[in-house]
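Visitor: Please find the sequence and the predicted model below.
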Amino acid sequence: MPQNNQNEQMPWFSCPGPYEDVILSTRCRISRNLADFPFPSKLSEDDLQRVNSLVYDAFNENPHYHFIDFNNISYLGRDILKDKNIIKDVKNFSCSAVVLDENESTTCLVNEKDHVKIASFVSGLDCEKAMENTYKVDEFLQKKLQFAASYDFGYLTTYLKDCGTGMKITIRIFIPGIIMAGKFDSIIALVQEKNLCIQPVYKMEGTTDFGCCIFDIFPGSSSRGTELDQLAVSQSIGLLILKTERKIRSEFADNNPTIVHNFVNQSYAKAMYSLLLSYEDVVNIISGIKWGLQLGVIEGISEDELNALYYRTKHGHLLYLSENYPFTYEQDLKSDQEMQIERLRTIVIQQAFEHIQFKK
């Protein structure tokens with residue numbers, strides 16, 4: 001089977017992507033609302049069901065998408081959707097349906113904050129591909145649905161900042177070299193100059209944790225320029241950060257080889273000699289090993305394998321494995337599900353790191 005067909009059957013986060021050493025992923029999201037209906041927060045129950053039915057009918061003609069009633073998704077299913085950044089929360093999240101393609105790289109939420117919220121995820125830095133995948137859905141929906149828009153404001157959305165194109169491109173970056181070299185302020189200034197926002201993905205307690213080196217960059221407003229203008233800004237900022245991180249991390253490694261090896265050795269040792277690991281632990285471990293791979297300290301694992309581990313070690317995915325496959329846990333863990341998840345997370349990491357070797 002050709003490689004591209006294999007990738008189509010894999011989760012998007014397991015597929016290789018351009019510049020994935022620094023840019024972990026790209027997400028393009030567009031918000032749309034049906035004309036002649038209030039926004040979801042103001043919909044009556046009858047109108048909510050009517051919108052849901054109209055969107056269902058539009059998707060029903062495309063066999064590549066699966067329309068799922070949100071009420072029929074179990075707590076575990078919602079946990080997995082949260083892990084994959086498809087929904088924001090498990091307990092305090094509401095929509096009427098979730099639409100997924102085969103590898104869940106393109107999704108749609110129905111009656112969340114807006115009637116339709118389409119998103120596409122790709123590995124690495126590829127704003128054009130993410131945008132193309134999202135607008136394919138938008139185009140075939142518009143053959144069946146009329147979206148609310150005006151000449152002055154563009155597409156009309158619940159949040160004023162989403163009006164205009166209704167589009168938001170988010171790139172997720174990994175920049176340990178910039179952080180350790182004390183150059184992060186320059187990145188903040190660069191992002192703000194482009195009218196973009198930057199925020200940490202994970203909340204870590206220690207400032208030296210590698211989890212503190214992962215950030216999302218996204219526009220503060222969808223009304224600045226056309227879709228192509230916004231794509232160009234996101235792609236250019238990603239390439240500039242890529243170039244800066246690669247240069248700084250190389251210089252940092254040349255000047256601080258002992259510090260680099262210490263971080264990588266600690267990450268590997270914690271992974272291979274632990275019995276229980278929290279998700280915060282594995283984010284730091286994966287990121288430390290990722291840095292070691294980039295600097296030529298280790299071999300035996302790839303960037304896309306490491307990037308996939310950020311998702312494969314999340315709670316929902318591991319809970320699904322634990323409930324559907326026969327694992328044997330230590331006696332003192334048999335009555336504690338959370339400890340079982342930490343044990344399974346450790347096993348997943350250790351199996352992934354089996355072929356890692358340190359270069360001499």
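Guide: Thanks, I have the structure now.
Visitor: and stretch 19-37, how far from the chain's centre?
Guide: The chain centroid and the centroid of stretch 19-37 are separated by 10 Å under Cα atoms, centre = their mean, to the nearest Å.
Visitor: can you pull the buried residues of it?
Guide: Buried residues in stretch 19-37, counted by 16 or more other Cβ atoms under 10 Å: 19-34, 37. (C-beta placed from N, C-alpha, C; glycine too.)
Visitor: how long is that stretch end to end?
Guide: Distance across stretch 19-37, first residue to last, is 42 Å (Cα to Cα, to the nearest Å).
Visitor: average pLDDT across that stretch?
Guide: Mean per-residue pLDDT for stretch 19-37: 96.
Visitor: thinking again about what came up before, which ones among the buried residues of stretch 19-37 lie within helices?
Guide: Using DSSP state H to define helices, no part of the buried residues of stretch 19-37 is located there.
Visitor: what residues does stretch 57-74 touch?
Guide: If you take Cβ atoms under 8 Å, 6 or more residues apart in numbering as the criterion, stretch 57-74 is touched by 55-56, 81, 94-102, 108, 137, 140-141, 143-145.
Visitor: Compute the first-to-last residue distance for it.
Guide: By Cα to Cα, the extent of stretch 57-74 from end to end equals 24 Å.
Visitor: so who does Phe37 touch?
Guide: Phe37 makes contact with Leu43, Asp47, Arg50, Val51, His115, Ala148, according to Cβ under 8 Å, 6+ apart.
Visitor: again, but for Ser14
Guide: So Ser14 contacts Asp304, Ala308 (Cβ under 8 Å, 6+ apart).
Visitor: For it, give its distance to Tyr202.
Guide: The spacing between Ser14 and Tyr202, counted by Cβ to Cβ, to the nearest Å, is 20 Å.
Visitor: Can you tell me the closest non-neighbouring residue to Leu141?
Guide: Spatial nearest neighbour of Leu141, chain neighbours left out: Ala58 (5.1 Å); criterion: Cβ to Cβ, 6 or more residues apart in numbering.
Visitor: what pLDDT, on average, does the one helix or strand that neighbour maps to get?
Guide: Using DSSP states H and E, Ala58 sits in helix 45-60. Mean pLDDT, computed over helix 45-60, is 94.
Visitor: Cross-check the contact I'm expecting between Lys84 and Arg312.
Guide: No - the pair Lys84 and Arg312 fails to qualify as a contact (Cβ atoms under 8 Å) at a distance of 10.8 Å.
Visitor: And the contacts of Phe37, which of them are buried?
Guide: Using 16+ other Cβ under 10 Å as the burial test, the contacts of Phe37 include Leu43, Asp47, Val51, His115, Ala148 as buried.
Visitor: helices or strands next to the strand ranked longest in the chain in the packing?
Guide: Of all segments of type strand in the chain, defined using DSSP state E, the longest is strand 23-32. For strand 23-32, the packing partners by 3 or more Cβ pairs under 8 Å, 6 or more residues apart in numbering; DSSP states H and E come out as strand 116-123, helix 127-142, strand 154-155, strand 167-174, helix 227-255, helix 303-312.
Visitor: Sheet-wise, list the partners of it with their directions.
Guide: Using DSSP bridges, the strands paired with strand 23-32 are strand 116-123 (antiparallel), strand 167-174 (antiparallel).
Visitor: I'd like those as CSV, with distance to Ile298 and mean pLDDT appended.
Guide: Formatted as CSV, these follow (distance: least, Cβ to Cβ, whole Å; pLDDT from 0 to 100):
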stretch, distance to Ile298, mean pLDDT
strand 116-123, 21, 97
strand 167-174, 16, 97
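Visitor: Could you report the separation of the spatially most central residue of the chain from Gly166?
Guide: Centroid-nearest residue in the chain: Asn85, 5.5 Å away (criterion: Cα atoms, centre = their mean). From Asn85 across to Gly166, the span is 19 Å (Cβ to Cβ).
Visitor: what are the ranges of the strands in the stretch 151-300 of the chain?
Guide: With DSSP state E, counting those that start in this stretch applied, the stretch 151-300 of the chain shows strands at 154-155, 167-174, 196-200, 214-219, 298-299, listed in chain order.
Visitor: and these, which is most packed in?
Guide: Among the strands of the stretch 151-300 of the chain, judged by mean count of other Cβ atoms under 10 Å, the one packed with the most neighbours on average is strand 167-174 (a mean of 24).
Visitor: What lies in contact with that strand?
Guide: Outside of strand 167-174, the residues within contact range by Cβ under 8 Å, 6+ apart are 21-30, 125, 127, 130-131, 134, 162, 201, 213-219, 222, 227, 230-231, 234, 237-238, 241, 245, 287, 290.
Visitor: pLDDT below threshold where in the protein?
Guide: For the chain, the stretches flagged by pLDDT under 70 are 1-9, 204-208.
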